[in-house]
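Q: sequence plus the predicted model coming up.
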Number of protein chains: 4
Amino acid sequence: MLCIIDTMYSVAILGAAGYSGQETLDRVLGHPELEVAALGSDTLAGQPVSALDPRLAQIGAGTLPRFVTNDEALASDANLLFLCIDHERSAQLEPPADGVIVDLSGGHRLLDEHAYEQWYGWIHPLPAGLADWSYGVPELLPPSGRLIANPGCYATAVLLAILPLAGSIEPASVVVDAKSGISGAGRSLRPTSHAGAVLENLVPYRVGQHQHQPEIEQALGFPVCFVPHLLPVRRGLIATCYVTPAEGTDARAVLEATYEQAPAVTVLSEGMAPELGRVQGTDAAEIGVFADRATDRAIVICAIDNLGKGAAGQAIQNANAVLELPATAGLRLSGVLV
Amino acid sequence: MLCIIDTMYSVAILGAAGYSGQETLDRVLGHPELEVAALGSDTLAGQPVSALDPRLAQIGAGTLPRFVTNDEALASDANLLFLCIDHERSAQLEPPADGVIVDLSGGHRLLDEHAYEQWYGWIHPLPAGLADWSYGVPELLPPSGRLIANPGCYATAVLLAILPLAGSIEPASVVVDAKSGISGAGRSLRPTSHAGAVLENLVPYRVGQHQHQPEIEQALGFPVCFVPHLLPVRRGLIATCYVTPAEGTDARAVLEATYEQAPAVTVLSEGMAPELGRVQGTDAAEIGVFADRATDRAIVICAIDNLGKGAAGQAIQNANAVLELPATAGLRLSGVLV
Amino acid sequence: MLCIIDTMYSVAILGAAGYSGQETLDRVLGHPELEVAALGSDTLAGQPVSALDPRLAQIGAGTLPRFVTNDEALASDANLLFLCIDHERSAQLEPPADGVIVDLSGGHRLLDEHAYEQWYGWIHPLPAGLADWSYGVPELLPPSGRLIANPGCYATAVLLAILPLAGSIEPASVVVDAKSGISGAGRSLRPTSHAGAVLENLVPYRVGQHQHQPEIEQALGFPVCFVPHLLPVRRGLIATCYVTPAEGTDARAVLEATYEQAPAVTVLSEGMAPELGRVQGTDAAEIGVFADRATDRAIVICAIDNLGKGAAGQAIQNANAVLELPATAGLRLSGVLV
Amino acid sequence: MLCIIDTMYSVAILGAAGYSGQETLDRVLGHPELEVAALGSDTLAGQPVSALDPRLAQIGAGTLPRFVTNDEALASDANLLFLCIDHERSAQLEPPADGVIVDLSGGHRLLDEHAYEQWYGWIHPLPAGLADWSYGVPELLPPSGRLIANPGCYATAVLLAILPLAGSIEPASVVVDAKSGISGAGRSLRPTSHAGAVLENLVPYRVGQHQHQPEIEQALGFPVCFVPHLLPVRRGLIATCYVTPAEGTDARAVLEATYEQAPAVTVLSEGMAPELGRVQGTDAAEIGVFADRATDRAIVICAIDNLGKGAAGQAIQNANAVLELPATAGLRLSGVLV
């Protein structure tokens, strides 16, 4: 066996101490062709990585750099930059002249600058640059260029479930009811993320006005009615999508054909429903397809880990795609944990 | 103050050791005009009530009878009988000649005997009697006669949310996505109710074929697409209902008018969403009404406790109605527990 | 039946928007001889009660006053004052000249002023007044006078379990391992109360240095080794107490005799262990007593709701005691919810 | 780089459809020198692996064999046999003449046959063979020979925490309070594992009489007072151990020295407590060491995943040890999942 070790790509992560930042770091640490150059966190700048998680003291074995500010991480000349920061902060960034950038925030997902005002509540500061970013769902919308907008967690699950069907369903029929674990809301402290408000509870939120709707609409070509709910679980997300297929459309066949070669997406066999438990901690997606007995609707359900396929895992997939690395390098796809 | 104590009504509960049976007992114990005559449980027959729950040793103070078999409870000549047993078992019962019977199972909810075969999977053994039962949602469909079919938990939430709107929404538009805590599945042991399958999970089940659809359809007059999900919570249920109102319909106004005098149902103020936490352990319902920003749909969300308004609480309401007792006697409606 | 309605006592609650404040309000609303005069909350001052919880709009039926500042509530001349505020803030208060005051914080529990510096981390501002407060556990240490220090939640469970045994166990043998739901930490936002840090987790905290130890020590007469853990549950607390009884001591018999007449405390029958589920949402306590098979220790386990018997419920008990109201007035003791 | 591929060892798993069986399969699938020969399950015999978990259809890529009966798996002539079956069933097995056997049940952990009757409740059927099994905790008690008794999950955590201190603590002082997720109780259906009995609950069980006590006692040389509690979490276990160190003993120093070279065990820095969240889904252990402020006790806390280091992970470590494979081959030790 001949082993040629490629030059590794250097990676900087902005917002490395948030949930999606830590998960991205997790994947980078397990990626054979990526190495950490800079970890940005404005709150932990100057501290060792063990301040975020004691496991990093072991894993990094002293080789991981201390946290720097996000500005310093941005200026680090890394080959690959992951933006795991606030939507608005990300939208304000002037992208470095070189290197691949994957933005896990919503700051560059929408082509229509006005949608930012309507759905995010602020005016996009650099609207002229929006067209430079490609929105990447590797299985369906492969990214291109060096600036990649990583889809939102809900949008990822919804698009995996219904984008392949977009041309053969009735647009006005689509309803998406989604449920996510608390990590989808990030690590910052809010009354709604206090455990006392989450445990033994289920909370519909931003009903009919969540900011992932316009990116779903942009990709599908038509709007959908979308309501998210907060689950009392740590990780994982299920999108239950209700669609009326056009006469003669076999939704299951379309989806099975779409994902036949996709290592991260599984269409479950008939009668089997996706479960959070099987995708948590992974970058995999499960899709179930059902016919309604009472009406002419089909129900397509997609389960992902909001921090995996819904964030860090897809960010790595997108980076692999534009860097022409093996599609599954660095992903968490194996295992059958209970 | 003059206090005339009415003769109390005697109560028998069949299936008193199951979840809905125990909750019904809870309400009866707190009801000023009901007293326990017989508690049926085929598994606990012969044992004292403390075998079910040590609190009953205190509460009953020695006055509660031991469990008897369900057949013995059925033969107890009680004035009021609650059936908290299996759907099929209940359907097989020959109702006693006298007294009020509230059936918390699904055995007498559907007028169309064929629907039993299609949705429950068995042929109704006494179809000729189905027309004798009235389906009771006190706020909307007051029960009549002495045989009352208590609605299913999901059906209750869905009907509270959209039955008042049935005439002013597009029937084909209705999608109901519901989520329930584990107690909705009862106390019997199944792989799906094992805590290892429930914690940190969310499981869509009986997708498009749940047996509460036909009772919703029967009450609304048209079918709906209905999918339930199992939540990792003990108690509580949320139904998120998606409807397209007819031109000029103000869904909020209709619902507020409907429930203005209803002590157990609250329409929340604009922008506020129902939460499980506030209805758990109670017989109350919360309803939220929202307009979708992207489509012309309205979203009506109803939260109840599946064992409260969704079972025992509504059973008591129905009994109060036909016995002409005060509407809220015995209900759990007060309090602002955290 | 002759009904003489006493003049009701007026109540002010400081910190009414926190967990223990809201629970105290809940009990006051259900108490036949108490009525709300003032609700203090520095964050909600000026707002209607529905800003805290929409159920209060119903329950108060317009009669509940708007929130005022804590200073205004303090000056309200209520007959009965509940302090549900921060420990240090409470310690700083100059108590009003009249009326009964129940302090749910730790600001007046310790007689030794130096213990505040050691265990709370601040110097008590009014040490001369500490002797004026009586520490009240109604079943064991009945309060006296008009200034009552309500015990901590952990201390309550531990004292119920082992104070009756204090004279007949080996002091050096006592180990207390306690576990509490998240509401024990209050409503304020901290990284440790973020749901992402609580769900699917168990966290030992303030190991060997929790501020409830000195009040346990003060009541028992000797120190104990005490470690609390944070559970992924909303409410409820279990203290597992390990003691070596003196030769000839029958721990079970002592405890059964102690609580024979106590409506809020149940000693479970042999072999039965307390459970959170049965005490949640109540002001009751359950105690289990076990002999260890391998060593000569006895294990006494007490379960309470940290917000019930561990806070608001005991505060009401203490108020009832000094106002000579019925012992269980306003308490949540009934019911057998699943 | 020269790569000599060893002949792989063939593996049979009995009880492969239970929790510990599935986790063992997970580790074997990720182990570079093990390959699956037979998967035993009396309930799934004849079915494909996807009947257990749909992920196995992907992972095995058609190469995994169908389930066979446990007897067939036992007769499969595999080089390495994992027994993931019931304690008593395992005790009855006549071990095959060749190959390495790792028993994850309790059937061969105790040298004293009488302890089985006392703590397990049945008479050991093959007491003469007990001496042939070695009890293996790789970091502390390396296994020897080809018959290995894998420790219980609680025993593992307790021994990691205090076996290194056994000679320098007061034996009579030791109290162990342990808490485990539901998967510790296995996949079989019992009222106590119904989600309705687990969620929002905490249940002490087998108080003072749990069968892991005698294996702890056997390893330490003296009995301990041990009480386990069932947590509302899926996976993970924390043992809080209370000990009185001998004069001059520095518990932290002893533990740090013991685990300095142990890749699967981390002694956390001062003031830091173990958490379930960081060990779930891994084969790692975290240990925290604290001094009590009120008494002379030390508190040593160990967190593991009951199915990882507490079962399958340690089984793989033990197999690696006797087969002289790399110590961490097949283990789940990497990553910093949120």
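A: It's in. This one's a predicted model, so the numbers in the text were calculated from it and none came from an experiment.
Q: show me where pLDDT drops low in chain A?
A: A:1-6, A:60-61 (pLDDT under 70).
Q: A:Leu34 bridge partners, please.
A: A:Tyr9 (DSSP bridges).
Q: what's the spacing between it and chain C?
A: 26 Å (CB to the nearest CB, to the nearest Å). The C-beta positions use only the backbone N, C-alpha and C, and glycine is treated the same way.
Q: tell me the contacts of that residue?
A: If you count contacts by CB atoms under 8 Å, 6 or more residues apart in numbering or on different chains, A:Leu34 has them with A:8-11, A:28, A:80, A:319, A:330.
Q: run the last query once more with 7 Å
A: For A:Leu34, the residues meeting the contact criterion (CB atoms under 7 Å, 6 or more residues apart in numbering or on different chains) are A:8-9, A:11, A:28, A:80, A:330.
Q: just among those, which is most surrounded?
A: A:Val11 (28 neighbours; other CB atoms under 10 Å in any protein chain shown).
Q: assumed that one was part of a strand.
A: Yes. A:Val11 sits within a strand when classified using DSSP: H, G, I helix; E, B strand; the rest coil.
Q: now do the same contact list for it.
A: Here A:Val11 is in contact with A:28, A:34-37, A:78, A:80, A:82 (CB under 7 Å, 6+ apart).
Q: now A:Val227
A: A:177, A:204, A:207-208, B:240, B:299.
Q: what does chain A put close to chain B?
A: Within chain A, the positions near chain B by CB under 7 Å from any CB of the partner chain are A:175, A:177, A:179, A:200-205, A:207-209, A:213, A:217, A:223-225, A:227, A:231-234, A:238, A:240, A:242, A:273, A:275-277, A:280, A:290-295, A:297, A:299, A:301.
Q: from the residues you listed, which ones fall inside helices?
A: A:213, A:217, A:276-277 (DSSP state H).
Q: among those, which two are most distant?
A: The most widely separated members of those are A:Glu217 and A:Gly277, with 30.7 Å between them, by CB to CB.
Q: got the domain ranges for chain A?
A: With domains defined by automatic domain parsing, chain A comprises A:9-150+A:310-323, A:154-306.
Q: now distance to B:Ala149 too, for these, in JSON lines please.
A: Converted to JSON lines, the domains of chain A look like this (distance: least, CB to CB, whole Å):
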{"stretch": "domain A:9-150+A:310-323", "distance to B:Ala149": "43"}
{"stretch": "domain A:154-306", "distance to B:Ala149": "20"}
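Q: out of those, the one nearest B:Ala45 is which?
A: Between those, domain A:154-306 lies closest to B:Ala45; by CB to CB that is 33.1 Å.
Q: ok now the closest one, how far from the chain's centre?
A: 13 Å (CA atoms, centre = their mean, to the nearest Å).
Q: thinking again about what came up before, among the contacts of A:Val227, which are located in strands?
A: Counted as lying in strands by DSSP state E, out of the contacts of A:Val227, are A:177, A:204, B:240, B:299.
Q: let's see which of the contacts of A:Val11 end up in helices.
A: Filtering these for helices - DSSP H - leaves A:Val28.
Q: farthest-separated two in the contacts of A:Val11?
A: Farthest apart among the contacts of A:Val11 by CB to CB are A:Glu35 and A:Phe82. That separation is 13.4 Å.
Q: so the two - more neighbours on which side?
A: A:Phe82 (32 against 18).
Q: now the strands: where do they sit in the stretch 51-200 of chain A?
A: A:67-68, A:80-83, A:100-103, A:134-135, A:147-149, A:175-180 (DSSP state E, counting those that start in this stretch).
Q: dump the residue contacts of the residue nearest to A:Glu170 when sequence neighbours are not counted.
A: Spatial nearest neighbour of A:Glu170, excluding adjacent residues (CB to CB, 6 or more residues apart in numbering or on different chains): A:Thr244 at 4.4 Å. Contact analysis of A:Thr244 by CB under 7 Å, 6+ apart lists A:169-170, A:173, A:296-297.
Q: how about stretch A:278-292 against chain C, any contact?
A: No. Stretch A:278-292 lies out of reach of chain C by CB under 7 Å from any CB, never closer than 9.5 Å.
Q: with stretch A:184-194 instead?
A: Yes. Using CB under 7 Å from any CB, stretch A:184-194 reaches chain C at A:187, A:189, A:191, A:193-194.
Q: ok, back up a step: now the buried members of the residues of chain A next to chain B.
A: Of the members of the residues of chain A next to chain B, the ones counted as buried by neighbours, 16 or more other CB atoms under 10 Å in any protein chain shown, are A:175, A:177, A:179, A:200-204, A:207-209, A:213, A:217, A:223-225, A:227, A:231-234, A:238, A:240, A:242, A:273, A:275-277, A:280, A:290-295, A:297, A:299, A:301.
Q: quick revisit: can I get the residues of stretch A:184-194 next to chain C in CSV including neighbour count?
A: Below are these laid out as CSV (neighbours: other CB atoms under 10 Å in any protein chain shown):
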residue, neighbour count
A:Arg187, 20
A:Leu189, 14
A:Pro191, 10
A:Ser193, 22
A:His194, 23
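Q: and those residues as a markdown table, adding distance to chain D?
A: Shown next, in a markdown table, are the residues of stretch A:184-194 next to chain C (distance: CB to the nearest CB, whole Å):
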| residue | distance to chain D |
| --- | --- |
| A:Arg187 | 8 |
| A:Leu189 | 16 |
| A:Pro191 | 21 |
| A:Ser193 | 13 |
| A:His194 | 16 |
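Q: among those residues, which pair sits farthest apart?
A: Spanning the widest gap among these are A:Arg187 and A:Pro191, at 14.9 Å by CB to CB.
Q: what about A:Ser50, how many residues nearby?
A: Neighbour number of A:Ser50 under other CB under 10 Å is 18.
Q: identify each buried residue in stretch A:240-257, please.
A: Under the neighbour-count criterion of 16+ other CB under 10 Å, stretch A:240-257 has A:240-245, A:249, A:251-252, A:254-255 buried.
Q: so which of those sit within strands?
A: A:240-243.
Q: show me the strands in the stretch 201-338 of chain A, by range?
A: Using DSSP E, counting those that start in this stretch, strands in the stretch 201-338 of chain A cover A:203-204, A:225-230, A:237-243, A:265-267, A:285-291, A:298-304.
Q: include distance to A:Leu111 when you put those into a markdown table, please.
A: Listed next are the strands of the stretch 201-338 of chain A as a markdown table, based on distance: least, CB to CB, whole Å:
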| stretch | distance to A:Leu111 |
| --- | --- |
| strand A:203-204 | 29 |
| strand A:225-230 | 19 |
| strand A:237-243 | 23 |
| strand A:265-267 | 25 |
| strand A:285-291 | 25 |
| strand A:298-304 | 24 |
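Q: closest one to D:Phe67 among those?
A: strand A:265-267 (20.8 Å).
Q: which strands and helices lie in contact with that closest one?
A: Where contact means 3 or more CB pairs under 7 Å, 6 or more residues apart in numbering or on different chains; DSSP states H and E, strand A:265-267 is packed against strand A:285-291.
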